[in-house]
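Q: give me a model of this one.
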Amino acid sequence: MLCSPVHSCRFLNKACVRTSTSTSEWMLCTVTQVEETKQILRMIPIWVATLIPSTMLAQTNTLFVKQGVTLNRRIGRFNIPPASLIAFTSFTMLVSVVLYDRVFVKIMKRLTKNPRGITLLQRMGTGIMIHIVTMIVASLTERYRLKVAKEHGVVQNGGQVPLSILVLAPQFILMGLGEAFLEVSKIEFFYDQAPESMKSLGTSYSITTVGIGSFISTFLLSTVSHITQKNGHKGWILNNLNASHLDCYYAFFVVLNFLNFIFFMVASKYFVYRAEISNSIEVLAQELKEKTANVSDQAFQVIS
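A: Numbers count the residues shown, from 1 in each chain. Predicted structure coming up:
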(Lines give C-alpha, C1' and ligand atoms only; values in the text may rest on other atoms or scores of the structure.)
Protein backbone atom coordinates (compact mmCIF):
# COMPACT_ATOMS: atom_id res chain seq x y z
CA MET A 1 0.00 0.00 0.00
CA LEU A 2 1.61 3.24 -1.20
CA CYS A 3 -1.01 5.88 -0.48
CA SER A 4 0.53 7.26 2.71
CA PRO A 5 4.16 8.34 3.26
CA VAL A 6 4.18 6.50 6.57
CA HIS A 7 2.91 3.32 4.91
CA SER A 8 5.04 3.67 1.74
CA CYS A 9 7.25 0.74 0.72
CA ARG A 10 5.38 -1.50 3.17
CA PHE A 11 6.39 -4.52 1.07
CA LEU A 12 9.87 -4.11 2.57
CA ASN A 13 8.47 -4.86 6.02
CA LYS A 14 8.53 -8.56 5.15
CA ALA A 15 12.32 -8.42 5.34
CA CYS A 16 12.19 -8.12 9.14
CA VAL A 17 9.35 -10.58 9.78
CA ARG A 18 10.48 -13.93 11.17
CA THR A 19 8.83 -16.83 9.40
CA SER A 20 9.44 -20.54 9.30
CA THR A 21 11.73 -20.08 6.26
CA SER A 22 13.69 -17.05 7.59
CA THR A 23 15.29 -18.34 10.74
CA SER A 24 18.82 -17.45 9.59
CA GLU A 25 20.15 -14.03 10.52
CA TRP A 26 21.34 -13.66 6.91
CA MET A 27 17.72 -13.80 5.75
CA LEU A 28 16.32 -11.44 8.39
CA CYS A 29 16.81 -7.66 8.60
CA THR A 30 16.37 -5.39 11.57
CA VAL A 31 13.60 -2.80 11.74
CA THR A 32 16.23 -0.06 11.52
CA GLN A 33 17.67 -1.47 8.30
CA VAL A 34 14.23 -1.62 6.73
CA GLU A 35 13.41 1.97 7.69
CA GLU A 36 16.77 3.23 6.40
CA THR A 37 16.21 1.48 3.07
CA LYS A 38 12.77 3.07 2.82
CA GLN A 39 14.24 6.53 3.38
CA ILE A 40 16.85 6.04 0.65
CA LEU A 41 14.15 4.92 -1.78
CA ARG A 42 11.94 7.90 -0.89
CA MET A 43 14.68 10.26 -2.09
CA ILE A 44 14.89 8.78 -5.59
CA PRO A 45 12.04 10.91 -7.11
CA ILE A 46 13.71 14.08 -5.78
CA TRP A 47 17.02 12.87 -7.22
CA VAL A 48 15.39 12.35 -10.62
CA ALA A 49 13.95 15.88 -10.51
CA THR A 50 17.46 17.35 -10.12
CA LEU A 51 18.80 15.75 -13.31
CA ILE A 52 17.28 18.32 -15.69
CA PRO A 53 18.70 21.32 -13.75
CA SER A 54 22.12 19.65 -13.96
CA THR A 55 21.56 19.42 -17.71
CA MET A 56 20.96 23.18 -17.77
CA LEU A 57 24.21 23.76 -15.88
CA ALA A 58 26.08 21.87 -18.60
CA GLN A 59 25.06 24.57 -21.11
CA THR A 60 27.32 27.14 -19.41
CA ASN A 61 30.37 25.13 -20.46
CA THR A 62 29.16 24.33 -23.97
CA LEU A 63 26.62 26.34 -25.95
CA PHE A 64 26.82 29.49 -23.83
CA VAL A 65 30.58 29.64 -24.42
CA LYS A 66 30.19 28.87 -28.12
CA GLN A 67 27.79 31.80 -28.38
CA GLY A 68 30.49 34.02 -26.92
CA VAL A 69 32.89 33.04 -29.71
CA THR A 70 30.58 34.67 -32.27
CA LEU A 71 30.45 38.04 -30.44
CA ASN A 72 32.77 41.01 -30.07
CA ARG A 73 35.08 40.07 -27.19
CA ARG A 74 37.06 43.29 -27.03
CA ILE A 75 36.55 45.70 -24.12
CA GLY A 76 38.98 48.56 -24.50
CA ARG A 77 42.39 46.97 -25.10
CA PHE A 78 41.45 43.72 -23.42
CA ASN A 79 40.15 40.69 -25.33
CA ILE A 80 37.82 38.59 -23.14
CA PRO A 81 38.14 34.80 -23.55
CA PRO A 82 34.62 33.33 -24.04
CA ALA A 83 35.19 30.62 -21.41
CA SER A 84 35.92 33.30 -18.80
CA LEU A 85 32.22 34.20 -18.77
CA ILE A 86 31.75 31.24 -16.43
CA ALA A 87 33.31 33.49 -13.79
CA PHE A 88 29.99 35.40 -13.75
CA THR A 89 28.26 32.17 -12.69
CA SER A 90 30.81 31.34 -9.99
CA PHE A 91 30.96 34.87 -8.60
CA THR A 92 27.16 35.20 -8.52
CA MET A 93 26.86 31.88 -6.76
CA LEU A 94 29.40 32.87 -4.08
CA VAL A 95 27.77 36.23 -3.41
CA SER A 96 24.26 34.76 -3.43
CA VAL A 97 25.13 32.04 -0.91
CA VAL A 98 26.49 34.65 1.52
CA LEU A 99 23.47 36.92 1.10
CA TYR A 100 21.14 33.94 1.46
CA ASP A 101 22.65 32.85 4.77
CA ARG A 102 23.17 36.33 6.23
CA VAL A 103 20.08 38.15 5.01
CA PHE A 104 17.42 35.95 3.41
CA VAL A 105 17.38 33.27 6.11
CA LYS A 106 17.07 35.84 8.91
CA ILE A 107 14.13 37.52 7.20
CA MET A 108 12.34 34.26 6.41
CA LYS A 109 12.86 32.92 9.96
CA ARG A 110 10.56 35.64 11.25
CA LEU A 111 7.91 34.83 8.67
CA THR A 112 8.01 31.03 8.58
CA LYS A 113 9.37 30.23 12.07
CA ASN A 114 11.58 27.69 10.30
CA PRO A 115 15.23 27.68 11.51
CA ARG A 116 16.34 27.26 7.87
CA GLY A 117 14.16 30.13 6.68
CA ILE A 118 12.52 27.91 4.09
CA THR A 119 12.66 24.13 3.77
CA LEU A 120 15.31 22.44 1.66
CA LEU A 121 12.73 21.37 -0.92
CA GLN A 122 11.37 24.91 -1.17
CA ARG A 123 14.91 26.16 -1.78
CA MET A 124 15.43 23.54 -4.47
CA GLY A 125 12.11 24.45 -6.09
CA THR A 126 13.14 28.12 -6.16
CA GLY A 127 16.35 27.13 -7.92
CA ILE A 128 14.42 25.16 -10.55
CA MET A 129 12.16 28.17 -11.18
CA ILE A 130 15.22 30.40 -11.66
CA HIS A 131 16.51 27.88 -14.21
CA ILE A 132 13.28 28.35 -16.16
CA VAL A 133 13.79 32.13 -16.15
CA THR A 134 17.43 31.62 -17.18
CA MET A 135 16.51 29.67 -20.29
CA ILE A 136 13.82 32.22 -21.19
CA VAL A 137 16.43 34.99 -21.01
CA ALA A 138 18.91 32.85 -22.99
CA SER A 139 16.32 32.22 -25.70
CA LEU A 140 15.43 35.92 -26.01
CA THR A 141 19.11 36.92 -26.05
CA GLU A 142 19.88 34.41 -28.77
CA ARG A 143 16.92 35.63 -30.83
CA TYR A 144 18.30 39.16 -30.58
CA ARG A 145 21.80 37.95 -31.56
CA LEU A 146 20.41 36.18 -34.63
CA LYS A 147 18.47 39.31 -35.58
CA VAL A 148 21.63 41.45 -35.46
CA ALA A 149 23.54 38.78 -37.41
CA LYS A 150 20.90 38.88 -40.14
CA GLU A 151 20.92 42.68 -40.28
CA HIS A 152 24.69 42.74 -40.79
CA GLY A 153 24.78 39.90 -43.32
CA VAL A 154 26.94 37.48 -41.34
CA VAL A 155 24.48 34.57 -41.28
CA GLN A 156 25.92 32.44 -44.05
CA ASN A 157 29.61 33.18 -43.56
CA GLY A 158 29.45 32.72 -39.79
CA GLY A 159 31.26 36.00 -39.17
CA GLN A 160 31.47 37.92 -35.94
CA VAL A 161 28.24 39.53 -34.79
CA PRO A 162 28.73 43.21 -33.84
CA LEU A 163 27.48 42.74 -30.29
CA SER A 164 29.43 42.90 -27.06
CA ILE A 165 30.07 39.54 -25.44
CA LEU A 166 28.65 41.01 -22.23
CA VAL A 167 25.18 40.62 -23.72
CA LEU A 168 25.46 37.02 -22.50
CA ALA A 169 26.25 38.05 -18.92
CA PRO A 170 22.59 37.97 -17.68
CA GLN A 171 22.14 34.27 -18.49
CA PHE A 172 25.42 33.38 -16.76
CA ILE A 173 24.46 35.46 -13.72
CA LEU A 174 21.01 33.89 -13.52
CA MET A 175 22.55 30.44 -13.79
CA GLY A 176 24.76 31.24 -10.80
CA LEU A 177 21.77 32.52 -8.83
CA GLY A 178 19.82 29.36 -9.60
CA GLU A 179 22.72 27.16 -8.52
CA ALA A 180 23.04 29.11 -5.26
CA PHE A 181 19.53 27.93 -4.42
CA LEU A 182 19.54 24.50 -6.04
CA GLU A 183 23.06 23.10 -5.85
CA VAL A 184 23.70 24.01 -2.21
CA SER A 185 20.30 22.80 -1.02
CA LYS A 186 20.67 19.62 -3.11
CA ILE A 187 23.92 18.66 -1.38
CA GLU A 188 22.49 19.53 2.04
CA PHE A 189 19.21 17.73 1.37
CA PHE A 190 20.65 14.39 0.26
CA TYR A 191 23.20 14.36 3.09
CA ASP A 192 20.76 15.47 5.78
CA GLN A 193 17.93 13.14 4.76
CA ALA A 194 20.07 10.06 4.26
CA PRO A 195 20.08 7.63 7.23
CA GLU A 196 23.06 7.87 9.58
CA SER A 197 24.62 4.68 8.21
CA MET A 198 24.15 5.80 4.58
CA LYS A 199 25.44 9.39 4.57
CA SER A 200 28.00 8.59 1.88
CA LEU A 201 25.24 7.22 -0.36
CA GLY A 202 23.24 10.41 0.18
CA THR A 203 26.27 12.48 -0.85
CA SER A 204 26.71 10.37 -3.97
CA TYR A 205 23.10 11.15 -4.91
CA SER A 206 23.95 14.85 -5.22
CA ILE A 207 27.27 14.27 -7.02
CA THR A 208 25.97 11.83 -9.64
CA THR A 209 23.35 14.30 -10.88
CA VAL A 210 26.09 16.52 -12.35
CA GLY A 211 27.64 13.70 -14.36
CA ILE A 212 24.31 12.28 -15.51
CA GLY A 213 23.16 15.80 -16.42
CA SER A 214 26.13 16.12 -18.79
CA PHE A 215 25.22 12.83 -20.45
CA ILE A 216 21.60 13.97 -20.84
CA SER A 217 22.82 17.27 -22.32
CA THR A 218 24.86 15.41 -24.94
CA PHE A 219 21.95 13.09 -25.71
CA LEU A 220 19.47 15.97 -26.13
CA LEU A 221 21.89 17.95 -28.27
CA SER A 222 22.52 15.10 -30.71
CA THR A 223 18.87 13.99 -30.74
CA VAL A 224 17.41 17.46 -31.36
CA SER A 225 20.08 18.18 -33.99
CA HIS A 226 19.25 14.95 -35.82
CA ILE A 227 15.47 15.36 -35.65
CA THR A 228 15.45 19.00 -36.76
CA GLN A 229 17.61 18.23 -39.81
CA LYS A 230 15.15 15.71 -41.22
CA ASN A 231 13.18 16.35 -44.42
CA GLY A 232 15.71 18.82 -45.77
CA HIS A 233 15.51 21.31 -42.89
CA LYS A 234 18.62 23.20 -41.79
CA GLY A 235 18.32 22.12 -38.21
CA TRP A 236 18.46 24.00 -34.94
CA ILE A 237 22.08 23.26 -34.06
CA LEU A 238 24.81 23.69 -36.68
CA ASN A 239 28.52 24.44 -36.58
CA ASN A 240 27.60 27.89 -37.84
CA LEU A 241 25.63 29.33 -34.92
CA ASN A 242 24.54 32.33 -37.00
CA ALA A 243 22.56 29.95 -39.22
CA SER A 244 21.28 27.88 -36.32
CA HIS A 245 18.21 28.28 -34.11
CA LEU A 246 19.56 28.04 -30.59
CA ASP A 247 16.68 30.28 -29.53
CA CYS A 248 14.29 27.42 -30.33
CA TYR A 249 16.56 24.95 -28.57
CA TYR A 250 16.58 27.10 -25.44
CA ALA A 251 12.79 27.46 -25.69
CA PHE A 252 12.65 23.66 -25.73
CA PHE A 253 14.63 23.71 -22.48
CA VAL A 254 12.08 26.12 -21.00
CA VAL A 255 9.31 23.59 -21.65
CA LEU A 256 11.46 20.72 -20.36
CA ASN A 257 12.26 22.63 -17.16
CA PHE A 258 8.61 23.51 -16.63
CA LEU A 259 7.55 19.85 -16.93
CA ASN A 260 10.35 18.90 -14.57
CA PHE A 261 9.17 21.55 -12.11
CA ILE A 262 5.68 20.00 -12.09
CA PHE A 263 7.21 16.58 -11.44
CA PHE A 264 9.31 18.07 -8.63
CA MET A 265 6.23 19.62 -7.01
CA VAL A 266 4.43 16.26 -7.04
CA ALA A 267 7.48 14.44 -5.64
CA SER A 268 7.90 17.10 -2.93
CA LYS A 269 4.26 16.84 -1.91
CA TYR A 270 4.62 13.16 -1.06
CA PHE A 271 8.09 13.35 0.45
CA VAL A 272 8.34 13.09 4.24
CA TYR A 273 11.42 14.50 5.95
CA ARG A 274 13.41 12.02 7.99
CA ALA A 275 12.63 13.88 11.23
CA GLU A 276 8.93 13.48 10.49
CA ILE A 277 8.79 9.70 10.08
CA SER A 278 9.56 8.62 13.63
CA ASN A 279 6.01 7.30 14.02
CA SER A 280 6.64 4.85 11.17
CA ILE A 281 8.56 2.70 13.68
CA GLU A 282 5.39 2.40 15.75
CA VAL A 283 3.36 1.51 12.67
CA LEU A 284 5.89 -1.11 11.66
CA ALA A 285 6.00 -2.54 15.19
CA GLN A 286 2.22 -2.95 15.16
CA GLU A 287 2.39 -4.72 11.79
CA LEU A 288 5.09 -7.04 13.11
CA LYS A 289 2.93 -7.97 16.10
CA GLU A 290 0.00 -8.76 13.82
CA LYS A 291 2.09 -10.81 11.39
CA THR A 292 3.89 -12.61 14.20
CA ALA A 293 0.54 -13.48 15.74
CA ASN A 294 -0.67 -14.82 12.37
CA VAL A 295 2.47 -16.93 11.95
CA SER A 296 2.04 -18.32 15.49
CA ASP A 297 -1.59 -19.18 14.79
CA GLN A 298 -0.66 -20.95 11.57
CA ALA A 299 2.10 -22.90 13.35
CA PHE A 300 -0.33 -23.89 16.14
CA GLN A 301 -2.85 -25.09 13.55
CA VAL A 302 -0.18 -27.21 11.83
CA ILE A 303 0.85 -28.77 15.16
CA SER A 304 -2.77 -29.44 16.05
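
Q: residues contacting residue 36?
A: Applying Cβ atoms under 8 Å, 6 or more residues apart in numbering to residue 36 gives the contacts 195, 197-198. Heads up, the C-betas are built off the backbone N, CA and C, glycines and all.

Q: distance to residue 157 and neighbour count added to those, as CSV?
A: As requested, the contacts of residue 36 are exported to CSV (distance: Cβ to Cβ, whole Å; neighbours: other Cβ atoms under 10 Å):
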residue, distance to residue 157, neighbour count
195, 60, 17
197, 61, 10
198, 57, 15
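
Q: what is the nearest of these to residue 225?
A: residue 198 (39.9 Å; Cβ to Cβ).

Q: ok, that closest one to residue 205 distance?
A: To residue 205, residue 198 is 10 Å away according to Cβ to Cβ, to the nearest Å.

Q: can you redo the contacts of residue 36 as JSON lines with secondary structure, pLDDT and distance to residue 236?
A: Rendered in JSON lines, the data for these read as follows (DSSP: H, G, I helix; E, B strand; the rest coil; pLDDT from 0 to 100; distance: Cβ to Cβ, whole Å):
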{"residue": "195", "secondary structure": "coil", "pLDDT": "82", "distance to residue 236": "45"}
{"residue": "197", "secondary structure": "helix", "pLDDT": "76", "distance to residue 236": "47"}
{"residue": "198", "secondary structure": "helix", "pLDDT": "78", "distance to residue 236": "42"}
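
Q: so residue 271 belongs to a strand, correct?
A: No: the assignment for residue 271, made by DSSP: H, G, I helix; E, B strand; the rest coil, is coil rather than a strand.

Q: count of neighbours near it?
A: 17 (other Cβ atoms under 10 Å).

Q: contacts only, for it.
A: 5, 42-43, 45-46, 121 are the contacts of residue 271 under Cβ under 8 Å, 6+ apart.

Q: mind checking which of those land in helices?
A: Counting by DSSP state H, the contacts of residue 271 place 42, 45-46, 121 in helices.

Q: of those, just the buried ones, ChimeraX syntax please.
A: The ChimeraX selection below is limited to those of those classed as buried (16 or more other Cβ atoms under 10 Å):
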select :42,46,121
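
Q: I'd like the ones in helices among the contacts of residue 271 as JSON lines, with distance to residue 180 appended.
A: JSON lines is the format used below for the ones in helices among the contacts of residue 271 (distance: Cβ to Cβ, whole Å):
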{"residue": "42", "distance to residue 180": "26"}
{"residue": "45", "distance to residue 180": "23"}
{"residue": "46", "distance to residue 180": "19"}
{"residue": "121", "distance to residue 180": "16"}
